[in-house]
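1. Fold the following and give me the result.
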Amino acid sequence: MVAVLELVGLYSDVNQDIIDGQLHTISPQFRAVTSELQGIREKLIAMQVVKPNDEDIRFANLWNFYRKDLIEDAGNAGENLQRDGYFTVLPKVPKTSANLQLISDIGELAEEFVVNVETATRVRCCFFCRITKMFGSVEQNTLLLNKNFEGKHFWVTGHNGTRLDCMFFPCTVEDNKDNINTEAPSGLYLEKPTVIICNPNALIYQQMVTSPNSYWLSFFLKRQINVMCWNYRNYGKSSAGLFTSINPYNCKLDAERVLDFVINKMKIKGKIGVYGRSLGGIASCHLANRFPNIIQALIVDRTFSELDMLAERRVPGRCSRFLVKLISFNWKALNDRNFIEAKCFKITTCDPLDDVVENFSSLNVGVAVKYAKASYSERKYVDLFDHLWLLH
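-> Next up, the predicted model:
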């Protein structure tokens, strides 16, 4: 029930912000659904519950009883509330004519909500097939991230004038979110470490509103690390650029602009690290190798060694590798080389059962192959073996 009311409150506010700001085309069903959600909230606020005492604001009405922030505040008050069953007891709703009418009104609003959602998401086929989305739009998810994680949206100018859609998440609670800016930035977050997240393919940062996609965002924030997320060109709201779309080279150059923005525009003073997953390994490995004096940590998660190798392992045969080189004009990710040459603290992980990045095309194997081809007659390896012999 807490989660349901939280969603009702969030989408009531977010949808109204979209309507007020005309952030996208507003359909009649969208307006109706927003009105119904707001109506349900108003009815729950009007519904009275039995109060154990007059001082507890949580028992002011049924809406407050399930408000997540009030429950968390009570949890911080002490263990007595846990012992008294404060969080498990159900609210006692008086059986008055006013409350019965409110319950009936909520039922009607819920039925109208279902009808409008089903109507709005119906596929309409004419010359084109399209779906009118009621929930999950980029604009909605951006506002949800702003509310749930205190994110601040920025536009960063990428390579060749591309506009990159970015959002910065401070790990500190700032009294004034306006302090997170590029004109006169101030706040505790400036001294904290920051990680730049480079997304996998087919993922934009707005999809981090769901629990599985927000894992690393929450992971870093809980450890007092700021997070900078960005979308590749032609992903989400990021523009494609003039005659250019995403490729390994533009991806690397755009990542450099994001790093420059974090340091020189936002004035972040703490340590900088990068995290890249799958396709994000291209940008993250490049930044770590290209800027050894800035990047102090590199985490590469389930990425590939090289693009043509990835294709050959997915579709066995030299023909697939040749076709990838031909179609892409011989794209080179250079993930293995960049990872090896990076001077910072670095970690790479892989999944042997990955459905996309086959194990023998993973960065882990690529790095191992590079090291296996090294000349062990070099002095540094001779010294290493001598020390290992002494330890033995």
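
2. Roughly how far does V356 sit from S211?
-> Counting by C-beta to C-beta, to the nearest Å, the gap from V356 to S211 is 21 Å. Glycine gets a C-beta too; all of them are placed from N, C-alpha and C.

3. Tell me which of these two has more neighbours.
-> Using other C-beta atoms under 10 Å, the more surrounded residue of V356 and S211 is V356, with 14 against 8.

4. so who does the more buried one touch?
-> 278, 314 (C-beta atoms under 8 Å, 6 or more residues apart in numbering).

5. at 10 Å what do you get?
-> 200-201, 278-279, 302, 304, 310, 314 (C-beta atoms under 10 Å, 6 or more residues apart in numbering).

6. Please apply the same query to K177.
-> 146, 150-152, 170, 187.

7. who wins for neighbours among these?
-> G151 (24 neighbours).

8. Which pLDDT value goes with that residue?
-> According to the prediction, G151 has pLDDT 92.

9. now do L363
-> 95.

10. Just send the contacts of V356 back as CSV, with neighbour count too.
-> Formatted as CSV, the contacts of V356 follow (neighbours: other C-beta atoms under 10 Å):
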residue, neighbour count
P200, 17
N201, 12
S278, 20
L279, 23
R302, 20
F304, 27
L310, 22
R314, 13
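
11. Pull out the buried residues from the longest helix anywhere in the chain.
-> Identified as the longest helix of the chain according to DSSP state H is helix 97-120. Using 16 or more other C-beta atoms under 10 Å as the test for burial, helix 97-120 gives 99, 102, 105-106, 109, 113, 116-117, 120.

12. Grab the most central residue of the protein for me.
-> Nearest to the geometric centre of the chain sits M208, at 3.3 Å (C-alpha atoms, centre = their mean).

13. Next, the contact list for it, please.
-> Contacts of M208 (C-beta under 10 Å, 6+ apart): 141, 144-145, 148-149, 151, 167, 169, 197, 199, 214-218, 227, 229.

14. make it 6 Å
-> Residues near M208 by C-beta atoms under 6 Å, 6 or more residues apart in numbering: 214, 217.

15. For it, give me phi and psi.
-> phi -80, psi 10 (degrees, to the nearest 10).

16. count of neighbours near N226?
-> 25.

17. do you know how far it is from F168?
-> 7 Å.

18. Can you give the domain ranges for the chain?
-> 2-131, 138-382 (automatic domain parsing).

19. and those domains, which one's lowest on average pLDDT?
-> Among these, domain 2-131 scores lowest, with a mean of 80.

20. will you turn the contacts of V356 into CSV that also has distance to N264?
-> Listed next are the contacts of V356 as CSV, based on distance: C-beta to C-beta, whole Å:
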residue, distance to N264
P200, 27
N201, 29
S278, 29
L279, 26
R302, 31
F304, 31
L310, 34
R314, 40
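
21. which among those gets closest to T348?
-> R302 (9.1 Å; C-beta to C-beta).

22. in stretch 208-216, what's buried?
-> For stretch 208-216, by 16+ other C-beta under 10 Å, it's 208-209, 213-214, 216.

23. Of those residues, which pair is most distant in space?
-> It's V209 and W216 that sit farthest apart of the buried residues of stretch 208-216, by C-beta to C-beta, at 13.8 Å.

24. F135: how many residues sit nearby?
-> The burial count for F135: 15, using other C-beta under 10 Å.

25. actually I299, not the one I typed
-> 20.

26. Am I right that it sits in a strand?
-> Yes. According to DSSP: H, G, I helix; E, B strand; the rest coil, I299 belongs to a strand.

27. ok so, going back, I'd like the list of the contacts of V356 that fall within helices, please.
-> Short answer: these in helices (DSSP H) are 310, 314.

28. Closest to G161 out of the contacts of V356?
-> Distances from G161 to those, taken by C-beta to C-beta, are shortest for L279, at 22.5 Å.

29. That closest one touches N201, doesn't it?
-> Yes. The pair L279 and N201 passes the contact test of C-beta atoms under 6 Å, sitting 4.2 Å apart.

30. what about V195, distance to M228?
-> Distance from V195 to M228, by C-beta to C-beta: 7 Å.
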